[in-house]
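Student: All I have is the shape, not the residue letters:
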């Protein structure tokens, strides 16, 4: 048996994530994870738990309970399988990935993201606005199209590109030659343009925050350069982008802001009855229960806030264990960065923490766990943040 073959499942997933049905990727990954366990057993090794694994195990337990007592147990069971697959990525990445794996996975992800971006750019140029519910035309009259690519939602595409861009930046900064860095800058530009064309304000804000966290962790001396570029962009970007950004702050805004407010209000009503143990894992149970608590005729498939969504689905104990897992991940990642400054292991942790920071900031106004493809990336990022410490200690 060829050692490390089990990593192929993660590489294939990174390449096919936007384009293949996740059920097939999940089945493939289950096979590769079984191969991983067999290989460990064959060489007499064990998969030892790390400190961050204990709160994760507790969170997983509450997800299991949320599945058993779900309002829609069938749908919750499918989602639990997908979460389990994602956690298998976390286990492998956090224990087995090295600098070469990090680079190879990044190249696959960047290539796949660039193809998705080209599709999104073509949609924009063709005037494809997607679903009418995605945009308040009265508040945004100059926006004629939005890129959503194969993700069928511009916000989800924005989340995906956020991860790809931060990963891309990490590979540019660690390139050993100017030519390679310049070559990697091409997909960075394509994906950055597409991120703008999503007109996803949450994804824009998440990416900006991820950049700040990235530079703080990598080298804070680059922050003035980022501030300068950001200031210049305010004058160079077409007015339509500035108008879209300003709808966050203006009192008129667009209807998505008031829509989210209604969703939050209805969700708070749900929590009065379901806060201890939740409604059940996944959007199926949310929809089932929310219909009884909705405000006016506002329907919602999720809470439009990742932390509120976890609380609704798994209850207060599920949220506490997840937050503690995030905290342990952050502490471990920061230790890695401090102990391995300037190395690829340190860059793995920087990438994981920065991308997660951007995603979860976006998660304050969106359920970033609604699309299983983004959930999969989140588990991989958690693996980067917690796993490279092992390499530093070895």
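Tutor: Here it is on my side, so go on. Everything numeric here is computed off the predicted structure, so don't read it as measured data.
Student: Buried residues in the worst-scoring helix or strand of the chain on mean pLDDT, which are they?
Tutor: In the chain, the helix or strand scored least confidently by mean pLDDT, DSSP states H and E is helix 239-246, which has a mean of 77. The neighbour-count check on helix 239-246 (16 or more other CB atoms under 10 Å) flags 241, 244 as buried. Just so you know, the C-beta spots here come from the backbone N, C-alpha and C atoms, and that holds for glycine as well.
Student: Repeat that for stretch 159-174.
Tutor: 159-174.
Student: Helix or strand next in line after the least confident helix or strand of the chain, which one?
Tutor: helix 255-274 (DSSP states H and E).
Student: same question for that following helix, mean pLDDT?
Tutor: Averaging pLDDT along helix 255-274 yields 82.
Student: Can you give the distance of it from its chain's centre?
Tutor: Averaging C-alpha positions (CA atoms, centre = their mean, to the nearest Å) puts helix 255-274 23 Å from its chain's average.
Student: Residues in contact with it: which ones?
Tutor: 136, 138-139, 247-248, 279, 289-290, 293-296, 298, 300, 303-305, 308, 311-312, 315, 365 (CB atoms under 8 Å, 6 or more residues apart in numbering).
Student: remind me which residues of this protein are low pLDDT?
Tutor: Scanning the chain for pLDDT under 70 picks out the ranges 1-3, 131-142, 248-257, 388-394.
Student: Tell me the helices and strands packed up against the helix or strand harbouring residue 229.
Tutor: Per DSSP H and E, residue 229 falls inside helix 223-236. Contact analysis of helix 223-236 by 3 or more CB pairs under 8 Å, 6 or more residues apart in numbering; DSSP states H and E lists helix 201-218 as its packing neighbours.
Student: Which strands and helices lie in contact with the helix it packs on?
Tutor: helix 154-173, helix 178-197, helix 223-236, helix 239-246, helix 344-362.
Student: Can you check which of those gets nearest to residue 83?
Tutor: helix 344-362 (16.2 Å; CB to CB).
Student: following that closest one, which helix or strand comes up?
Tutor: Following helix 344-362 in sequence order, the next helix or strand is helix 372-393 (DSSP H and E).
Student: can you list contacts of stretch 357-367?
Tutor: 155, 158-159, 162-163, 166, 202-203, 205-211, 213, 260, 283, 302-307, 309, 326, 368, 374, 378, 381.
Student: That stretch: which residues count as buried?
Tutor: Applying 16+ other CB under 10 Å to stretch 357-367 flags 357-363, 365-367 as buried.
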